[in-house]
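S.K.: sequence? don't have it. structure:
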């Protein structure tokens, strides 16, 4: 009957491509493949033992709550646990500043829905998180990419682009930043840089969207204060998630911000999935209440620090000298950059076929389509041994590519 | 900063669910007897079985289910669902979602541009109308009789809308134990609608949260099944099935099945919005089905609910004035009352809350501007026998006084 489904698919979706990361995930089943592509946490980091006990307790003591519909805003116990945790860090928030989402990808979708009309401008990093670009893109946002230095987006260029956009009659709707261990570029903004960006936001009255999935995964150096805290006026909306510090199979994230913004996000969420599973929210809340979260984070940091070290050493040993890479103080990723002529996008399938190792091609992270000579490497998922072996394979492949060129 | 200047156009006009506001308005009334909710009774949750499954799944398959899962849904759950459905179905014809609203949202987002028409029933489920509204669809409602939407009304509506140059994208229906209307479509009506929709190229979105909650009588095959087995080609129906009224809404597990190209696009949206449903919950549902626990459990739920439906029907019969009519469903969780034309259930709602009884005024279940005010919805699964007796009696007294 529907001979050409494309006909009835809306323009919104017709041009939509399956995101590059998920395409790559299909290759994960190839035997012996070493994958540096996803943003997967190590399965060894999952608190299986603790969870068994908590699940039993929740089902014993509060099954009716956990299995019933919950409020769209989220489980009050979890919201207050999260608020308390931020308060301990000196950030002035209450439960009313926090709502729970079905992980932070949904928060990105809902924020995009709340603010973006087709053709609206937003400010993003060059490069930045692919899933955010994809969420913003699906609402027809016009993205302006800001080049970055070692500390993040360059404020002068950002201000300049904002001015230009305003002159075109398009005041940007928000500035999207990942200030801690930026995905994929790895840098962390200094406090000075954070303040400069906040100043710009205040000067032009623009919202900041602070995406903070890796913040807790710091392996060296001093923790920086969040933009949310430094701003202090709730002009920053902060997104958090349990995906990297608890387990991604429980889809739980949160949005922290001004109640006026949260109200709109909640209304949008009603129309999207009503509520995040109360069952998993309550488990997460009890997990925090029992004090499991922070010791677990220390454990994860130790594990990832070591994995990162192995990868960095292996890259030193095996990569062609034409390549450089970042050495982030935390997070899950490194970004490697090769000579200008290298096209990592075009090489990926060969790399998997010949050497059975996968990365994410950098172009996916650049809203201007550049970055073809870059790649993102994840070090959290594979074992230390595989991190080393994978780098050896990658290095072998890239050396061959370079040798063939000359 | 003034956020209101920055909000997107749709966000500025978006409305919160009216039911949520209504329910909130009666929250602080002590001893309120509420027939307003749409919650399943917690007594029907198989929590002991679920508890041991959760423990098992985390213990034995923790590194799998606690990790990111597939955007299309857990393949093990899909395999179990295919067996449960009992007819030929391929994994790529299904997507698992975070509850039924989520599936309906993705379906709608795949098909609707602002201003496109969705045909729906009068009345229809408010929660879905909110979702349609948020995507700026133009909802056009079609009157129903005891067997479903009325064919002539459907044909007239389609003709008129197409003459106006409107783009009709799909028909949204809740054929079994309709929320709120309580009716179930006859087999003949199902076939007539499918044939008509095939002839006129109108896809059907079938919302099916209640069909397994049948307390009496014979079940009628779903639109999806009828289309699949008796029509050709068969891809016109997308069916959304929810576990919320069966295993507990807190799990947030539902699935959609339909044309695989459309399902693939829904998966693309899921990938952008939640990446994947809750993987632990998916696997628990899979194991629940695999262990063959579903059949006995469904029997238990139906046996549990049946007396409550009967009780409410008896009390309505006993107390209501003869000018009030109501549906007599064989399952589900709602009844639908039609009052004399001159009685406004919105006003009755306010008076009733003073008498400590609550329900949802029927007007909330129609698209804006197409309301009928002399109707109301009663839920019978969330109150005790005593509450049903007392609540129906007070409601009847109020109505008698007005007549």
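M.R.: Done, it's in. Values in this document were obtained by computation on a predicted structure and should not be read as measured data.
S.K.: Residue A:377 belongs to a helix, doesn't it?
M.R.: No: counting by DSSP: H, G, I helix; E, B strand; the rest coil, residue A:377 is not found in a helix; it is strand.
S.K.: And for it, the neighbour number?
M.R.: Counted with other Cβ atoms under 10 Å in any protein chain shown, the neighbours of residue A:377 add up to 24. Quick note: C-beta positions are derived from backbone N, CA and C, even for glycine.
S.K.: Distance of it relative to chain B?
M.R.: Here the criterion is Cβ to the nearest Cβ, to the nearest Å. By it, residue A:377 lies 18 Å from chain B.
S.K.: Could you pull out the buried residues of the host helix or strand of residue B:51?
M.R.: Per DSSP states H and E, residue B:51 falls inside helix B:47-65. For helix B:47-65, a neighbour-count test (16 or more other Cβ atoms under 10 Å in any protein chain shown) marks B:47, B:49-51, B:53-55, B:57-58, B:61-62, B:64-65 as buried.
S.K.: give me the subset of the residues you listed touching chain A.
M.R.: Of the residues in the buried residues of helix B:47-65, proximity to chain A by Cβ under 8 Å from any Cβ of the partner chain holds for B:47, B:50, B:51, B:54, B:55, B:58, B:62, B:64, B:65.
S.K.: Look at the second one and report its pLDDT.
M.R.: Predicted confidence (pLDDT) for residue B:50: 94.
S.K.: Neighbouring strands - and their directions - for the strand of greatest length in chain A?
M.R.: Criterion DSSP state E: the longest strand present in chain A is strand A:142-149. When pairs are called by DSSP bridges, strand A:142-149 turns out to pair with strand A:121-126 (parallel), strand A:152-153 (antiparallel).
S.K.: and the helix or strand just after the shortest one, what does it pack onto?
M.R.: Following the chain from strand A:152-153 toward its C-terminal end, the next helix or strand by DSSP H and E is helix A:155-167. Under the contact criterion of 3 or more Cβ pairs under 8 Å, 6 or more residues apart in numbering or on different chains; DSSP states H and E, helix A:155-167 touches strand A:121-126, strand A:142-149, helix A:191-204.
S.K.: and after helix A:155-167, which helix or strand comes next?
M.R.: According to DSSP H and E, the helix or strand after helix A:155-167 is strand A:174-177.
S.K.: Residues touching that next one, excluding its own?
M.R.: Under the criterion Cβ atoms under 8 Å, 6 or more residues apart in numbering or on different chains, residues A:111, A:115, A:122-125, A:128, A:132, A:136, A:152-153, A:158, A:189, A:197, A:200-201, A:206-211, A:227, A:237, B:6 lie in contact with strand A:174-177.
S.K.: got it, and stretch A:302-320?
M.R.: Stretch A:302-320 is contacted from outside by A:42, A:44-45, A:217, A:219-220, A:323, A:325, A:327-328, A:332, A:334, A:336, A:338, A:377, A:379-380, A:382-384, A:387-388, A:390-392, A:394-396, A:398-399, A:402, using Cβ under 8 Å, 6+ apart.
S.K.: And the furthest pair within the ones next to chain A among the buried residues of helix B:47-65?
M.R.: Based on Cβ to Cβ, the longest span within these runs between B:47 and B:64 and measures 23.5 Å.
S.K.: List the contacts of the residue nearest to residue B:141 when sequence neighbours are not counted.
M.R.: Spatial nearest neighbour of residue B:141, excluding adjacent residues (Cβ to Cβ, 6 or more residues apart in numbering or on different chains): residue B:122 at 3.6 Å. Neighbour list for residue B:122: B:141, B:142, B:143, B:144, B:366, B:370, B:372 [criterion: Cβ under 8 Å, 6+ apart].
S.K.: what's the single longest helix in chain A?
M.R.: Looking across chain A with DSSP state H, the single longest helix is helix A:293-318.
S.K.: Relative to the host helix or strand of residue B:140, what are the paired strands and their orientations?
M.R.: Using DSSP H and E, residue B:140 sits within strand B:138-145. Using DSSP bridges, the strands paired with strand B:138-145 in its sheet are strand B:117-122 (parallel), strand B:148-149 (antiparallel).
S.K.: Could you chop the chain up by domain?
M.R.: Defaulting to chain A. Following automatic domain parsing, chain A resolves into domains at A:5-46+A:295-405, A:48-291.
S.K.: hm, I was asking about chain B
M.R.: Domain assignment for chain B, taken from automatic domain parsing, gives B:3-45+B:296-402, B:48-290.
S.K.: Neighbours of residue 333, how many?
M.R.: Let's take chain A. Neighbourhood size, residue A:333 [other Cβ under 10 Å]: 22.
S.K.: let's do chain B instead
M.R.: Per other Cβ under 10 Å, the neighbour tally for residue B:333 reads 25.
S.K.: same check, this time on residue A:177
M.R.: Around residue A:177 there are 27 other residues, counting by other Cβ under 10 Å.
S.K.: Kindly provide the distance from it to residue A:151.
M.R.: For residue A:177, the distance to residue A:151 equals 11 Å [Cβ to Cβ, to the nearest Å].
S.K.: Pipe the domains of chain B into TSV and attach distance to residue A:162 per row.
M.R.: Below are the domains of chain B laid out as TSV (distance: least, Cβ to Cβ, whole Å):
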stretch	distance to residue A:162
domain B:3-45+B:296-402	14
domain B:48-290	26
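S.K.: Nearest to residue A:87, out of these?
M.R.: Nearest to residue A:87, of all the domains of chain B, is domain B:3-45+B:296-402, at 23.9 Å by Cβ to Cβ.
S.K.: Check whether the closest one comes into contact with chain A.
M.R.: Yes: Domain B:3-45+B:296-402 lies within reach of chain A by Cβ under 8 Å from any Cβ, at B:3-4, B:6-11, B:14-17, B:20, B:39-40, B:42, B:45.
S.K.: Chain B contacts on the stretch 201-350 of chain A?
M.R.: By Cβ under 8 Å from any Cβ, the residues of the stretch 201-350 of chain A that approach chain B are A:205, A:207, A:233, A:235, A:243, A:247-251, A:258, A:260-261, A:264, A:266-268, A:270-280.
S.K.: nearest residue to residue 339 other than its sequence neighbours?
M.R.: The chain I'm using is chain A. residue A:322 (4.8 Å).
S.K.: Oops, wrong one, chain B.
M.R.: Among residues not flanking residue B:339 along the chain, residue B:374 sits closest, at 4.4 Å (Cβ to Cβ, 6+ apart).
S.K.: Contacts only, for that neighbour.
M.R.: Contacts for residue B:374 (Cβ under 8 Å, 6+ apart) come out as B:338, B:339, B:340, B:341, B:342, B:343, B:344, B:345, B:362.
S.K.: Tabulate those (a markdown table), appending pLDDT and secondary structure.
M.R.: Output for those, formatted as a markdown table (pLDDT from 0 to 100; DSSP: H, G, I helix; E, B strand; the rest coil):
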| residue | pLDDT | secondary structure |
| --- | --- | --- |
| B:338 | 95 | strand |
| B:339 | 96 | coil |
| B:340 | 95 | coil |
| B:341 | 94 | coil |
| B:342 | 93 | coil |
| B:343 | 95 | coil |
| B:344 | 95 | coil |
| B:345 | 95 | helix |
| B:362 | 94 | helix |
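S.K.: Relative to residue A:366, which of the residues you listed is nearest.
M.R.: residue B:362 (53.3 Å).
S.K.: and the residue nearest to that closest one when sequence neighbours are not counted, bridged to which residues?
M.R.: Nearest residue to residue B:362 in three dimensions, chain neighbours excluded: residue B:375, at 2.8 Å (Cβ to Cβ, 6+ apart). Bridge pairing for residue B:375 (DSSP bridges) gives the partners residue B:338.
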